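In: here is my input; please provide its structure:
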Amino acid sequence: MFSYIGIFLKGMAMGAANVIPGVSGGTIAFITGIYERLINAIKAMNPAALKLILQGRFHDFVRQTDLWFLAALLGGVAASIISFAKLLEFLFIAYPVLIWSFFFGLIIASVYFISKQIRVWNAGTMLIGLVFAIGAVLISLLTPAMENENVFYLFICGVVAICSMILPGISGSFILILMGNYLLILRAIPEMRWEILLPFGAGCAIGLPAFSYVLSWLFNEYRAHTIAGMTGFIMGSLATIWPWKTPRFLLDAAGELILSSKGKPRIIGYDWQLPEALGGSFIQNFQGETVFALFLIIAGVFVIWLMERFSKPLPEGKG
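Out: Model prediction:
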């Protein structure tokens, strides 16, 4: 029972991370030692498992699919997303630097702890890590698309987002920003807009098991190289969540803001800079927000350290 409570809490942490643009729930799963178990459980949801249900072999179905583990984890993810969606939307508007700072600390620590899983780094793993880090940075520089409520496009958003959500270092939320539908999905959750949620959810349901086969194969055949790529992705994502950045908005030919259907300006990218307090005289310009932001970066690092310190991988099929 207590192990499943722990799994539920890890699911809540994954759900909260997946709501944040630039933070990957897959990173949280990886750090807490449940990532490969999660991939294998998703992979087990296949036609053979369906056959067990049709034959009435429910006990075998539960054991083969690690069902109670999945139920506890996904329950935590769902509870977190439903409860945090509105709060995080408010916090990003009211305290963007502070929220980004905390998650910046989380990602810094994640890079360190995930890279430790490769016992010996060689030229091949370092090259893969570098290539994937550059790829993540380039993704962060892409211009977001326009919001689109087309059913097929929502389905594609679900497929792409769910694949990125379970891949450490790639944020499903940020991918949704690039595809133009992040705020659309975020608003649809508390408003229960099923015309948005159903096609998006269908894409998630199909994309998740398909991608789990790819990941499982990569872990089995090229474990060190896969972890190196994930480490690079996570390192590259630091550019996306750098706390001190100014959004660039979409403008018309006259230089006026182009607003979304909800009357909000459309972000098309960011301009990065050092915090103002660190750009001039450190003693004279050091501001309260900068102090708090640096504290939150340290707090984020400390949280991941605690998770690494007290989390141990659970054996597959057991809880």
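In: residue ranges with poor pLDDT in the stretch 1-150 of the chain?
Out: Scanning the stretch 1-150 of the chain with the threshold set as pLDDT under 70 gives 1-2, 18-24, 85, 89, 140, 143-145.
In: where along it do the helices fall?
Out: Under the criterion DSSP state H, counting those that start in this stretch, helices of the stretch 1-150 of the chain are mapped to 2-19, 25-31, 35-43, 47-54, 58-65, 67-94, 96-115, 123-140.
In: show me what the fourth one is packed up against.
Out: Right, the one you point to is helix 47-54. Using 3 or more Cβ pairs under 8 Å, 6 or more residues apart in numbering; DSSP states H and E, the elements in contact with helix 47-54 are helix 58-65. For every residue, glycine as well, the C-beta is placed using N, CA and C.
In: same question for the last one.
Out: Helices and strands touching helix 123-140, by 3+ Cβ pairs under 8 Å, 6+ apart, are helix 172-178, helix 223-236.
In: of all the helices of the stretch 1-150 of the chain, which lies closest to Trp242?
Out: Using Cβ to Cβ as the criterion, the shortest distance between Trp242 and the helices of the stretch 1-150 of the chain is 6.8 Å, found for helix 96-115.
In: and the closest one, which residues are buried?
Out: Burial within helix 96-115, assessed by neighbour count using 16 or more other Cβ atoms under 10 Å, is assigned to 98-111, 113-115.
In: ditto for stretch 71-91
Out: Of the residues in stretch 71-91, those with enough neighbours to count as buried (16+ other Cβ under 10 Å) are 71-77, 80-81, 84-85, 88-89.
In: got phi/psi on Tyr222?
Out: In this entry, Tyr222 is assigned phi and psi values of phi -140, psi 60 (degrees, to the nearest 10).
In: hmm, I was thinking of Trp242
Out: Here Trp242 shows phi and psi, under degrees, to the nearest 10, equal to phi -50, psi 120.
In: give me the pLDDT for it.
Out: At Trp242, the pLDDT value in this model is 83.
In: how close does it sit to Ala78?
Out: Summarising the geometry, the distance separating Trp242 from Ala78, computed by Cβ to Cβ, to the nearest Å, is 30 Å.
In: and for Asp60?
Out: With the distance defined as Cβ to Cβ, Asp60 ends up 26 Å from Ala78.
In: now the strands for the stretch 201-319 of the chain?
Out: Assignment of strands within the stretch 201-319 of the chain using DSSP state E, counting those that start in this stretch yields the ranges 245-249, 267-272.
In: those strands: which one's closest to Ile206?
Out: Comparing the strands of the stretch 201-319 of the chain under Cβ to Cβ, the one sitting nearest is strand 267-272, at 29.1 Å.
In: tell me the secondary structure at the closest residue to Met146 other than its chain neighbours.
Out: Setting aside the residues directly before and after it, Met146 is nearest to Gly180 in space (Cβ to Cβ, 6 or more residues apart in numbering), at 4.9 Å. Gly180 carries the three-state label coil when classified by DSSP: H, G, I helix; E, B strand; the rest coil.
In: please apply the same query to the one 4 residues further on.
Out: Of the three states, Leu184 takes helix under three-state DSSP.
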